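> need a structure here:
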Amino acid sequence: MTDDNFRPFTSFFWGLDTFRNHFTTCEAITNASNAFADYYIQSHEKNIFGRIDDRCILINSDSGEVRITRSKKDVSIKYKAPELITDSKAKDNADTDNFTLAVLLFRLFFIDHPFEGGNDLATMPFISKKIGETLYGSEPVFVYSPSDDSNRPQSNISPYLVTLWNAAPDALKTSFTKVFTDGIKNPSARLTPQQWKEILNA
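Below you'll find the predicted structure:
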C-alpha cells in the first residue's frame, strides 16, 4: 500500500471489481490525464525521453494527482511505439513518447489496452515475446479501427472498454483513432502532449 492515498496505476484496471481502484469524480480523471500530458511536456523540455509504463505511475483516485518515476529497467512492450519494437536501432524520442502517452491515456479512460481486443492473439492468457512483437509491433490493430474490425473488443471480455468507448466524447474517440491507426507508422499523426491538453480541456 502506498502513502497519501496514492495507488499504482495498474490497480485501476487489473483485478476484480471489488479490488480495482476507481476515480472518485470525473474531475479526478481529467486532473490525472492533464498530469500525464504535463509530465511529458516537462520531460521533453529537458530532452528526457522514454522509460515510462504503467508500473512507473501512482495516482490519487480522489484528486487525480499523479506521481511518475522513470524506470531504470526496460519498460513493458505494451507501452512502446511500434518502431521501438520492430527496429533494434530505434531510440526513444518525442515521437515514441507521444505514442506511449496515448496508450497511457487510453488506459486511463477505457481501462483496456488499445491493441487488445477480440482477435486470437489478444485473448491469449499468456503472450510470448514473439506474439507480443506481433500484437504491439509489426501488426497492431486498434480495437476500434474504422477499416479493420478483426480486433473489436467483446463485451463479455472487455465490458468496461465497450461501455466507456460508446459513452466517450467524439473528439476523444477521433483523437485516439488517429493515433492508433495513422499514427502507428506515421509519427506525425501522433498527438503531442500540448494537443492532448487542448482536447482534454475543451
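> so where do the strands sit in this structure?
Remark: strands of the chain, listed N- to C-terminal, are 6-8, 57-60, 66-68; assignment by DSSP state E.
> State the mean pLDDT of the longest one.
The pLDDT scores in strand 57-60 average 96.
> quick one: contacts of that strand?
Contact partners of strand 57-60, identified using C-beta atoms under 8 Å, 6 or more residues apart in numbering, comprise 2, 4-9, 12, 21, 28, 32, 65-68, 104. (Each C-beta comes from the backbone N, C-alpha and C, glycine too.)
> quick one: low-confidence ranges for the chain?
Low-confidence regions of the chain, defined by pLDDT under 70, span residues 1-3, 15-16, 18-19, 122-123, 125-126.
> thinking again about what came up before, which one of the strands of the chain is the most hemmed in?
strand 57-60 (a mean of 22; mean count of other C-beta atoms under 10 Å).
> so what strands line up beside that strand?
With DSSP bridges as the test, strand 57-60 is paired with strand 6-8 (antiparallel), strand 66-68 (antiparallel).
> Centre of the chain to that strand, how far?
14 Å (C-alpha atoms, centre = their mean, to the nearest Å).
> Find the residue closest to the residue sitting nearest the centre point of the chain in space, skipping its chain neighbours.
The central residue of the chain, meaning the one whose C-alpha is nearest the mean C-alpha position (C-alpha atoms, centre = their mean), is Val103 at 1.9 Å. Distance criterion C-beta to C-beta, 6 or more residues apart in numbering; nearest residue to Val103, sequence neighbours excluded, is Tyr79 at 5.2 Å.
> Let me see the contact set for the one you found.
52-54, 100, 103-104.
> Turn these into TSV, including distance to Gln195.
Below are the contacts of Tyr79 laid out as TSV (distance: C-beta to C-beta, whole Å):
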residue	distance to Gln195
Ile52	18
Asp53	22
Asp54	22
Thr100	15
Val103	16
Leu104	15
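> out of those residues, who's nearest Lys73?
Taking C-beta to C-beta as the measure, Lys73 lies nearest Asp53 of these, at 9.8 Å.
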